[in-house]
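J.: For reference, the sequence and a predicted model appear below.
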Protein chains: 2
Amino acid sequence: MSKPLQVTVDGKPGSDSWPLDRALQYGDGLFETMVVRNGRIRFEALHHERLALGCRRLNIHADHGAIWQQVGELVRAHGSALLKLQLTRGDATARGYAPSGAERPRVILSVFPAPLAADLPAQIRAVTSRHCLGENPDLAGIKHCNRLEQVLARASLEGSGAFEGLMGSSSGQLISGTMSNVFLELDGQLVTPQLAQCGIAGVMRAVVLREAALAAVPVQVARIPLAALARCTSLYLSNVRLGLVPVHELDGRSLKPGAALHALAERIESLEQ
Amino acid sequence: MSKPLQVTVDGKPGSDSWPLDRALQYGDGLFETMVVRNGRIRFEALHHERLALGCRRLNIHADHGAIWQQVGELVRAHGSALLKLQLTRGDATARGYAPSGAERPRVILSVFPAPLAADLPAQIRAVTSRHCLGENPDLAGIKHCNRLEQVLARASLEGSGAFEGLMGSSSGQLISGTMSNVFLELDGQLVTPQLAQCGIAGVMRAVVLREAALAAVPVQVARIPLAALARCTSLYLSNVRLGLVPVHELDGRSLKPGAALHALAERIESLEQ
């Protein structure tokens, strides 16, 4: 069995190949959300690296040189922007979950207005989410397109006034926010969750860890029980769109920006790569 | 931030809305694979029920009457077929994981040739997969479009000659095959895995449980450690495409079709609803 005999979309004959795209069918693809500043992608090499890792894990054979050349052309046309790159495995060539290996990856680039500092609320509130993240080392770390867990967790924040929801794994470990990684000051130490079982290893997280090492600020990558949130003294969220930003209120409790994380945030703000 | 300022697909201007579809972006949708026989969908009411449950869980507001009317028209045009219904949340109306609530669900129907008994190998071999299923009660049971776990597990079977791979959860419970549910004869009892933490509650699984109850054949729905596979005396796979079929060899060990499951399989074969 290979291609369908007939396809309809909303009751009309389907005339294009999108319904066959395996990202549409199974979330079989990867994405990167990138900040374009001064005509360049910030931390571009780290985005290359994560996309390449995702392709190795999912066994998607893409021409990375051609992809980043295409991205470069778009970036030069926009001095500043938020750019989403989606790489799908391509159209299914056979029915069922198994890729045939004959798929041709599809590259989708979407340009959004550049993020503005003014988009951030003056006081960032976070809450512990009641939704969890399933554990699967095959999928941990990479930015693949199976994101229903985040969709449900973000949907449940709507109307709560919370900017971010903090998610634990099914075994009760703190992993991340719905759209950010987290850095905590806990028992006098700086820590960020290990992401071997689930979560996305964010580009900004990698930058924070790199800059902390360069500044000789110790940050532990550790297993952190979700319950430890109750005793953290400061908490920061990271992603390329936000940078590294302090949470002011966690589950109704006031938090102070920590000096070490604040200094790292300032150091990172001026970096381009 | 709402719609992108610019979209390119494989380097060309994107002229349609598919790149915005949330199923493509996040696997944000549901599907049903149905067998059409004698101009009708087998076990149609059970497919309605599961799709409706999925919509409730994901908070997708679809007009189910209109969907099934559309399906009915296609079914009448094909006496026998395999029919895939995909229901996506629709095009994103804003950037990010949270649905806005203003999305309009999209219905994709794909018709494939009817499954044939001849598609089945004479000897069905199954192996324990090295891939696992993440646990998340929010997503357990429903047939959503986040299927990378199954994609990776099926890909790893390629070339092995195995028809099915049996998957455990991250906490070591037997859950299902990559494309089927499982029924085992274990310690003299018939059992099938509980699916409260992960897995898809298959329509054929529901039929088997219903028919077993009607035939007064006790089948336990239970937590079953993956390691228990080593001592099962018979093993059957179920899905609407296959029916209920015996595994002849599991991890290199010969299995006999069990009398009770064989009788259930025969009883189900003749059923339409």
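T.: Sure thing, it's come through.

J.: all contacts plus neighbour counts: C-alpha atoms, from now on.
T.: OK.

J.: For the stretch 101-250 of chain A, list the residues in contact with chain B, please.
T.: A:106-113, A:131-136, A:138-139, A:145-152, A:154-155, A:158, A:170 (C-alpha under 8 Å from any C-alpha of the partner chain).

J.: In ChimeraX, how would I select just the buried ones from those?
T.: The buried residues among these can be selected in ChimeraX (16 or more other C-alpha atoms under 10 Å in any protein chain shown) with this line:
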select /A:106,107,108,109,110,111,112,113,131,132,133,134,135,136,138,139,145,146,147,148,149,150,151,152,154,155,170
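
J.: which ones among the residues of the stretch 101-250 of chain A next to chain B are found in helices?
T.: Counting by DSSP state H, the members of these that fall within helices are A:L148, A:E149, A:Q150, A:V151, A:L152, A:R154, A:A155.

J.: So what's the residue count around A:A62?
T.: 18 (other C-alpha atoms under 10 Å in any protein chain shown).

J.: my bad, A:G172
T.: A:G172: 15 neighbours (other C-alpha under 10 Å).

J.: So it is in contact with A:P225, correct?
T.: Yes. In this structure A:G172 lies within contact range of A:P225 using C-alpha atoms under 8 Å: 6.0 Å.

J.: May I see the ones in helices among the residues of the stretch 101-250 of chain A next to chain B organised as TSV, with pLDDT and distance to B:L255 added?
T.: Compiled in TSV, these are given as follows (pLDDT from 0 to 100; distance: C-alpha to C-alpha, whole Å):
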residue	pLDDT	distance to B:L255
A:L148	98	38
A:E149	98	38
A:Q150	98	42
A:V151	98	43
A:L152	98	42
A:R154	98	47
A:A155	97	47
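
J.: sorry, back to before: give me the subset of the residues of the stretch 101-250 of chain A next to chain B that lies in strands.
T.: A:R106, A:V107, A:I108, A:L109, A:S110, A:V111, A:F112, A:H131, A:C132, A:L133 (DSSP state E).

J.: how near is the first one to B:L24?
T.: Taken as C-alpha to C-alpha, to the nearest Å, the spacing of A:R106 relative to B:L24 amounts to 11 Å.

J.: What helices and strands are in contact with the helix or strand harbouring A:A212?
T.: Assigning secondary structure by DSSP states H and E places A:A212 in helix A:203-214. Where contact means 3 or more C-alpha pairs under 8 Å, 6 or more residues apart in numbering or on different chains; DSSP states H and E, helix A:203-214 is packed against helix A:44-58, strand A:219-222, strand A:234-239, strand A:243-246, helix A:259-269.

J.: Could you give me the buried positions within the helix or strand following the first one?
T.: Using DSSP H and E, the next helix or strand after helix A:44-58 towards the C-terminus is helix A:64-77. By neighbour count with 16+ other C-alpha under 10 Å, helix A:64-77 contains the buried residues A:I67, A:Q70, A:V71, A:L74, A:V75.

J.: Return the member of the residues you listed nearest to chain B.
T.: A:Q70 (6.3 Å; C-alpha to the nearest C-alpha).

J.: Next up, the contacts around that closest one.
T.: Contacts for A:Q70 were tallied using C-alpha atoms under 8 Å, 6 or more residues apart in numbering or on different chains; they are B:G11.

J.: gap between A:R106 and A:L148?
T.: 21 Å.

J.: got it, and A:H131?
T.: A:H131 is 11 Å from A:L148, where distance means C-alpha to C-alpha.

J.: and what of A:E272?
T.: Relative to A:L148, and taking C-alpha to C-alpha, A:E272 is found at 32 Å.

J.: do the same with A:H64
T.: Relative to A:L148, and taking C-alpha to C-alpha, A:H64 is found at 27 Å.

J.: again with A:Q69
T.: Counting by C-alpha to C-alpha, the gap from A:Q69 to A:L148 is 31 Å.

J.: cool, A:G134 as well?
T.: 11 Å.

J.: Over to A:L237?
T.: In terms of C-alpha to C-alpha, A:L237 sits 21 Å off from A:L148.
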